[in-house]
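[1] sharing a model prediction with you, sequence too.
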2 protein chains.
Amino acid sequence: MDMQLIAIGHIRSSIKDRESAPKMEHEKGAVRARIELDPAYAQGLDSMEPGAQLELFTWFHLSDRTPLMVHPRGATDKPMRGVFTTRSPNRPNPIGLHRVTLISIEAPATLIVEPLEAIDNTPVIDIKPMLKGSK
Amino acid sequence: MDMQLIAIGHIRSSIKDRESAPKMEHEKGAVRARIELDPAYAQGLDSMEPGAQLELFTWFHLSDRTPLMVHPRGATDKPMRGVFTTRSPNRPNPIGLHRVTLISIEAPATLIVEPLEAIDNTPVIDIKPMLKGSK
């Protein structure tokens, strides 16, 4: 089965490398950032409103897809465990999931969101409204 | 950039087609189901415990990737809106996100989970532990 992802856009952020990125969006260091969608997808934003809680899906483009055991949160003093019990960016399909608030929209298809820990130039693959009851 | 997903496993469910699948996992019709991972990924489950709250990522393999405007929840009496303001399976990158509870694990690499609305044979692409504060 063909499961080839398409980049619908890219993150523009002041966070430029993995070393300076926080592990989670609620940690110190997550910032206000831009999601620049390809204008071809502008129509997909119809009816989106500032204040919306969004689930942003990205592709961790700098990841190593091979490890099945990792140190949780990269802490080498902690025992390794199965990658599917962690949110490590190094995983067989390096999909990132980020919960953000939409601050504003700039034409044709740029979203200003916060807080976001993804690094500059990360490909964006999907945006969904948050389920009620999630946060 | 190559963004080719790998199926790490497949859903085995009594829900056999899109027509009988509920729209959301908390709706009537979501069932207990099996996630049969490829045994090559068994090590990635190390330290996973029954009762864990998981985020299950799937590939909606029956989706149409072209529409940018959709009727919310497929309700044709409601106005169309941007696909990124909905959780429609028809979207440019048809990734499904499902919140489930792990009931048990069967060797070598099968997870029994509930409630799940995904249909039988859906490819599985990732499993992450749920963030604290999410549900």
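    Nice, thanks for sending it over.
[2] just the strands in chain A please.
    A:9-12, A:31-37, A:53-59, A:69-70, A:81-82, A:95-106, A:110-116, A:123-129 (DSSP state E).
[3] give the other helices and strands that the fifth one contacts.
    Secondary-structure packing of strand A:81-82 (3 or more CB pairs under 8 Å, 6 or more residues apart in numbering or on different chains; DSSP states H and E): strand A:69-70. C-betas here are computed from N, CA, C, even on glycine.
[4] run through who's touching the strand it packs on.
    A:80-83, A:86, A:88, A:90, B:43-44, B:46 (CB atoms under 8 Å, 6 or more residues apart in numbering or on different chains).
[5] what average pLDDT does it get?
    Averaged over strand A:69-70, pLDDT sits at 96.
[6] tell me how far it lies from the chain's centre.
    Mean C-alpha position of strand A:69-70 versus that of the full chain (CA atoms, centre = their mean, to the nearest Å) differs by 21 Å.
[7] ditto for stretch A:107-122
    9 Å.
[8] ends of that stretch, what's the gap?
    20 Å (CA to CA, to the nearest Å).
[9] check stretch A:89-102 too.
    End-to-end for stretch A:89-102, by CA to CA: 24 Å.
[10] identify the bridge partners of A:K128.
    Assessed by DSSP bridges, A:K128 has beta-bridge partners A:E55.
[11] poorly predicted segments of chain A, please.
    Residues of chain A that meet the criterion pLDDT under 70 lie in A:132-135.
[12] circling back: among the strands of chain A, which is nearest B:S104?
    strand A:81-82 (15.9 Å; CB to CB).
[13] surely A:Q4 touches B:M1?
    No: contact criterion CB atoms under 8 Å: A:Q4 and B:M1 do not qualify, at 10.9 Å.
[14] list of residues touching stretch A:58-68?
    Taking CB under 8 Å, 6+ apart as the rule, stretch A:58-68 contacts A:5, A:7, A:11, A:18, A:82-83, A:88-96, A:98, A:118-119, A:121-125, B:1, B:3, B:41, B:43-44.
[15] now it: buried residues?
    A:58-61, A:63, A:67-68 (16 or more other CB atoms under 10 Å in any protein chain shown).
[16] ok, stretch A:37-57 next?
    A:37, A:41-45, A:48, A:52, A:54-57.
[17] do the same with stretch A:89-107
    A:89-102, A:105.
[18] what of stretch A:105-123?
    Quick answer for stretch A:105-123 (16+ other CB under 10 Å): A:105, A:109-113, A:115-119, A:122-123.
[19] near chain B, list only the ones from the residues you listed.
    With CB under 8 Å from any CB of the partner chain as the criterion, the buried residues of stretch A:105-123 include A:P123 near chain B.
[20] closest to chain B out of the buried residues of stretch A:105-123?
    Top of the list for closeness to chain B, among the buried residues of stretch A:105-123 and by CB to the nearest CB, is A:P123 at 6.6 Å.
[21] quick one, what contacts that closest one?
    A:5, A:7, A:9-11, A:58-59, A:61, B:1, B:3 are the contacts of A:P123 under CB under 8 Å, 6+ apart.
[22] kindly give a single PyMOL line that selects the buried subset of these.
    Buried residues within these, by 16+ other CB under 10 Å, are selected in PyMOL with:
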select buried, (chain A and resi 5+7+9+10+11+58+59+61) or (chain B and resi 3)
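[23] with distance to B:M130 added, can I get the contacts of A:P123 in CSV?
    What follows is those, written out as CSV (distance: CB to CB, whole Å):
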residue, distance to B:M130
A:L5, 23
A:A7, 26
A:G9, 26
A:H10, 27
A:I11, 23
A:T58, 18
A:W59, 21
A:H61, 24
B:M1, 28
B:M3, 25
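[24] with that, I have no additional questions.
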